[in-house]
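Colleague: heads up, no residue letters with this:
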Ligand code: AMP
């Protein structure tokens, strides 16, 4: 199948050809035809499958004819984060470069005055984050009556960020007759109900197996005896030294750790930069641009900030932390192995991460992930804080490791893990300046992280970064499956209250967009005044408010 077979307009075909696309990706081949026929489409596809093209190409084709009127966009693309919205805008610009279509971007950090001027003149496509969009709608700056196509991208992320009420509202205030193109990498129950309520007999296009990861990504984990931050950073560097990294992203669960890890890597001569939601939008945009341009090759990121990041040459994704929500694992590792390329995903797993790790295994339907063995991990220096206190529990039940290795991890060693030495002082290793406060720890004999690391054959191919420490010696990395351990999982469960775990809905610290408070406080009927035709088809208002409705048959498996 070719793009010409799909019946796209010649001007779009020309732009696609210039981008070097030869054939449609599977999601494009399956989603574009029904989208062109004005059908609702439910796309279950992970990032990297070409899903942005799957919804922008047919939409551009349909918009080619007709013109926008003032403040009445003809197409709405709603994205959970600014980055993802910017990414969609970039796609629209590229695919639509030969079309005379106007686009506006309503996201934080972009001057509203300019976007408002565009809206006044009339835009064909409005790309927005939900909160911004509703804000402007409530202020009367946008009229929804002209919306012919509503695109919801990364709906599962919307759920994660607490945007579902906003999305419901957007469904309500757009004309009942609009076409909906709805994309999500995973299908949690709330998303299923949303689909059931608002989409009209959608054509379901499911590319990868539900909740699956791309086959082109080699997944590995490294078991750590403790969650101690210093051990984690040491382990991360140990692994990075041995990988052939062109471009890599390191994901941390907390913004604070994003900064710390980035600084730490810089100290060790790597070209690493942080990106997270606390940085001004201008800095985030610039950082992403510089990363894309190859100014530096390691991006240390929080989930939200890296969302929508589309860099084909990302060879590695590192999970410095096991994500709190298993779906994030799929999103994170989807940054590599894009569009059929090969990629590597490596995650650090400390004992207290076992519960979340098991959830990931459940989600991706695996019993185990290949394990990287870090031989000296027991003697890596510790900071004496962090989540290392669980170490003692881990040694007995690590089924995935070989017997010899397990026995090598003494309880004594583990016990002093993250908590030990609360009142004792020690000389700070060089790297600790990264983490502000000096932390006490028992005396150590050696500082393996300061020692030159041993390297594998792959290291020779590694891209040289100026100032990077030179590793020595031979490779010692081995790989074996890391089995789940139910006993440990239960222990981790018991330890759960001690964990720092954000609530699933509304992770306010990570949100890029404000909730549209006004819109939620209003009765949903107010929307009908604007559009004249509101509400979902199935179940009407009740099902909207309460997420009522049956689970669609295609999810029942
Ligand atoms: P997405 O899943 O939309 O984020 O796209 C992932 C990557 O695949 C992006 O870098 C796109 O530019 C690229 N891509 C999308 N469609 C195609 C195609 N038909 N052929 C080759 N690359 C594509």
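Modeller: Ah, there it is. Values in this document were obtained by computation on a predicted structure and should not be read as measured data.

Colleague: identify the residues contacting residue 222.
Modeller: With contact set as Cβ atoms under 8 Å, 6 or more residues apart in numbering, residue 222 has these partners: 235, 239, 346, 347, 348, 349, 371, 372, 373, 374, 377. To be clear about C-beta, it is placed using only N, CA and C from the backbone, and glycine gets the same treatment.

Colleague: what average pLDDT does the helix or strand harbouring the fifth one get?
Modeller: Element membership for residue 348, per DSSP states H and E: strand 343-349. In this model, strand 343-349 has an average pLDDT of 97.

Colleague: how about the nearest residue to residue 363, chain neighbours excluded?
Modeller: Leaving aside its chain neighbours, residue 363 sits nearest to residue 326 (4.2 Å; criterion: Cβ to Cβ, 6 or more residues apart in numbering).

Colleague: what does this structure put close to the ligand?
Modeller: Listed as neighbours of the ligand in the chain under the rule Cβ under 6 Å from any ligand atom: 21, 24-25, 28, 47-53, 310, 312, 338-339.

Colleague: from these, keep the buried residues only.
Modeller: Among these, those scoring as buried are 21, 24-25, 28, 47-53, 310, 338 (criterion: 16 or more other Cβ atoms under 10 Å).

Colleague: just these: which are in helices?
Modeller: 28, 51, 52, 53 (DSSP state H).

Colleague: wait, the first one touches residue 55, no?
Modeller: No: contact status for residue 28 versus residue 55: not in contact, 9.4 Å apart, counting by Cβ atoms under 8 Å.

Colleague: so what's residue 251 bridging to?
Modeller: Note on residue 251: beta-bridge partners residue 301, residue 319, judged by DSSP bridges.

Colleague: how many residues are close by residue 4?
Modeller: 11 (other Cβ atoms under 10 Å).

Colleague: I'd say it and residue 16 touch.
Modeller: No: using Cβ under 8 Å as the test, residue 4 is too far from residue 16 to be in contact (9.7 Å).

Colleague: for residue 151, list the residues it contacts.
Modeller: 55, 59, 75, 76, 77, 78, 180, 181, 182, 183.

Colleague: re the thing from before, need the buried ones among the residues of the chain next to the ligand in TSV (columns: pLDDT).
Modeller: Shown next, in TSV, are those (pLDDT from 0 to 100):
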residue	pLDDT
21	85
24	93
25	90
28	95
47	75
48	73
49	81
50	87
51	91
52	93
53	95
310	71
338	76
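
Colleague: which outside residues touch the helix or strand containing residue 282?
Modeller: According to DSSP H and E, residue 282 maps onto helix 281-293. With contact meaning Cβ under 8 Å, 6+ apart, helix 281-293 is reached by 82-83, 86, 108-110, 247, 273-275, 279, 296-297, 299, 305, 309, 311.

Colleague: check contacts around the closest residue to residue 78 other than its chain neighbours.
Modeller: Using Cβ to Cβ, 6+ apart and skipping the chain neighbours, the partner closest in space to residue 78 is residue 152 (5.3 Å). Counting by Cβ under 8 Å, 6+ apart, residue 152 makes contact with 78, 158, 167, 180, 181, 182, 183.

Colleague: do the same with residue 77
Modeller: Per Cβ under 8 Å, 6+ apart, neighbours of residue 77: 55, 56, 85, 88, 92, 125, 126, 127, 128, 151, 153.

Colleague: out of those residues, name the ones that lie in helices.
Modeller: 55, 56, 85, 88, 92.

Colleague: are any of those buried, and if so which?
Modeller: Buried members of the ones in helices among the contacts of residue 77, scored by 16+ other Cβ under 10 Å, are 55, 56, 85, 88, 92.

Colleague: how near is the third one to residue 106?
Modeller: Relative to residue 106, residue 85 is positioned 8 Å away (criterion: Cβ to Cβ, to the nearest Å).

Colleague: and for the last one?
Modeller: With distances defined as Cβ to Cβ, the gap from residue 92 to residue 106 amounts to 14 Å.

Colleague: skip the chain neighbours and tell me the closest residue to the residue of the stretch 51-200 of the chain found nearest the ligand.
Modeller: Nearest to the ligand, among the residues of the stretch 51-200 of the chain, is residue 52, at 3.2 Å (Cβ to the nearest ligand atom). Nearest residue to residue 52, sequence neighbours excluded (Cβ to Cβ, 6+ apart): residue 91, at 4.7 Å.

Colleague: so what pLDDT did the one you found get?
Modeller: 93.

Colleague: just residue 515 next, same as before
Modeller: For residue 515, pLDDT reads 47.

Colleague: over to the one 10 residues further on?
Modeller: Taken from the predicted model, the pLDDT recorded for residue 525 is 31.

Colleague: got it, and residue 108?
Modeller: Reading off the model, residue 108 has pLDDT 80.

Colleague: re the thing from before, and the residue nearest to residue 52, how many neighbours does it have?
Modeller: 20.

Colleague: tell me the domain boundaries of this structure?
Modeller: 3-206, 217-384, 474-556 (automatic domain parsing).

Colleague: ranges for the strands of the stretch 1-150 of the chain?
Modeller: 41-44, 75-78, 103-106, 125-128, 149-152 (DSSP state E, counting those that start in this stretch).

Colleague: pLDDT of the first one, averaged?
Modeller: The reference is to strand 41-44. 96.

Colleague: what residues of it count as buried?
Modeller: 41, 42, 43, 44.

Colleague: which one of the residues you listed is nearest to the ligand?
Modeller: residue 43 (10.2 Å).

Colleague: that closest one reaches residue 54, doesn't it?
Modeller: Yes: contact criterion Cβ under 8 Å: residue 43 and residue 54 qualify, at 6.0 Å.
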